[in-house]
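*Asks:* Attaching a predicted model along with its sequence, questions to come.
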Amino acid sequence: MILNIVEKRFEQNSLPLLNHFILEVEPESVVALVGPSGIGKSTLLRLAGGIDQQFTGNITIDGVEAADTPPPGYVFQDPRLLPWLTALENVRASNPNVPEETAQTALAQVGLAKQASAYPRQLSGGMQRRLTLARALATNARLLLLDEPFISLDRVLVNEIRSFLANLIEAKRSTMIFVSHSAEDAACLADRVIALAGRPARIADDITLSVARSQRDDATIKEYTHRLEAMTKDSCGSDT
Ligand SMILES: Nc1ncnc2c1ncn2[C@@H]1O[C@H](COP(=O)(O)OP(=O)(O)OP(=O)(O)O)[C@@H](O)[C@H]1O
């Protein structure tokens, strides 16, 4: 995927959020987008997912305009579940082409097989987050764009979903871009970590985590976490 954002701004008179910004994401790689609040991470992800089309530039996937390729699986920062639909119906709501069986499998993958008939109000916050993940998996597990997928989950669940995602990425050979404020999430899952800074946002750091995800033991994850924490601190410091 190549993101070539010539310009993205929200108000005509303000500084653009992104200007001549280029990011190339290798197929089957996992990229973590980090950086201070308000820098433009979610905006960049929304552009990548075709949710926000108000920009100049173009986005291609394997050389094809993104608009002409299957939609990605997308997890929004807020769950965006439809309260009048069941969990199963919510999984299929954004993409009616998803067969019921695929939706059931996705629910089972995130541990919600028994909640298929439950309504969002009957699910805990953590379950609702997992439901949004099931929706993304059912839509397109090969290309996943996740905005803070672990926010508001307790530690046990974060660990569970991280390892579930790590296995899924290997099995499906997914390409994934995720936004996170947690260095540990990036240390566990990412092949590459991009830190954004400044306005217009630029790539302040771009590091490759060389130990393969499946080979990272606790010590490696700890070391990466410290390294990434130091990196994001520096990026925030050089914000202008
Ligand atoms: N729809 C919108 N209209 C106007 N301004 C917006 C809109 N969406 C985002 N912005 C502004 O664009 C900037 C970047 O927002 P964005 O949500 O992309 O940042 P972020 O890095 O994801 O932040 P956070 O980590 O807090 O989620 C912010 O200044 C925000 O106020």
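*Replies:* Yep, that arrived. Numbering: from 1, shown residues only.
*Asks:* Next up, the contacts around residue 154.
*Replies:* residue 126 (C-beta atoms under 8 Å, 6 or more residues apart in numbering). Placement of C-beta: from N, CA and C, glycine included.
*Asks:* Can you check the pLDDT for the closest residue to residue 117 other than its chain neighbours?
*Replies:* Distances taken as C-beta to C-beta, 6 or more residues apart in numbering place residue 86 nearest to residue 117, at 5.1 Å, with adjacent residues excluded. Predicted confidence (pLDDT) for residue 86: 98.
*Asks:* Kindly report the same for residue 240.
*Replies:* 36.
*Asks:* one step back: show me the contacts for the residue nearest to residue 117.
*Replies:* 116-119.
*Asks:* separation between it and the ligand?
*Replies:* 29 Å (C-beta to the nearest ligand atom, to the nearest Å).
*Asks:* Buried residues of stretch 156-170, list them for me.
*Replies:* Neighbour counts over stretch 156-170 (16 or more other C-beta atoms under 10 Å) mark 157-158, 160-162, 164-166, 168-169 as buried.
*Asks:* contact partners of that stretch?
*Replies:* So stretch 156-170 is in contact with 30, 109-111, 126, 130, 133, 137, 141, 149-150, 153, 174, 176, 185, 188-189, 213-214, going by C-beta under 8 Å, 6+ apart.
*Asks:* If any of the residues you listed are buried, give me the ChimeraX selection for them.
*Replies:* Buried residues among these (16+ other C-beta under 10 Å), as a ChimeraX selection:
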select :30,109,110,111,126,130,133,137,141,149,150,153,174,176,185,188,189,213
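*Asks:* Close to the ligand as well: tell me which of the contacts of stretch 156-170 qualify.
*Replies:* Here nothing survives when those are matched to the ligand using C-beta under 6 Å from any ligand atom.
*Asks:* any weak-confidence spans in the protein?
*Replies:* Within the chain, the segments meeting pLDDT under 70 span 13, 234-240.
*Asks:* interface residues of it facing the ligand?
*Replies:* Within the chain, the positions near the ligand by C-beta under 6 Å from any ligand atom are 10, 17, 37-43.
*Asks:* residues near the closest residue to residue 24 other than its chain neighbours, how many?
*Replies:* In this structure, residue 24 finds its nearest non-sequential neighbour in residue 2, 5.0 Å apart by C-beta to C-beta, 6+ apart. Residue 2 has 15 neighbours, counted by other C-beta atoms under 10 Å.
*Asks:* next one: residue 54
*Replies:* 9.
*Asks:* Go ahead and name everything in contact with whichever strand or helix holds residue 176.
*Replies:* Per DSSP states H and E: residue 176 is located in strand 175-179. The set of residues external to strand 175-179 that reach it, using C-beta under 8 Å, 6+ apart, is 1, 25-34, 41-42, 45, 48, 77, 142-149, 165, 169, 185, 189-190.
*Asks:* what angle do the helix or strand encompassing residue 139 and strand 175-179 make?
*Replies:* Assessed by DSSP H and E, residue 139 sits inside helix 125-140. Orientation of helix 125-140 against strand 175-179 (axes from the mean of the first three to the mean of the last three C-alpha atoms, to 10 degrees) gives an angle of 150 degrees.
*Asks:* Tell me which residues of helix 125-140 come out buried.
*Replies:* Along helix 125-140, these residues count as buried under the neighbour rule (16+ other C-beta under 10 Å): 126-140.
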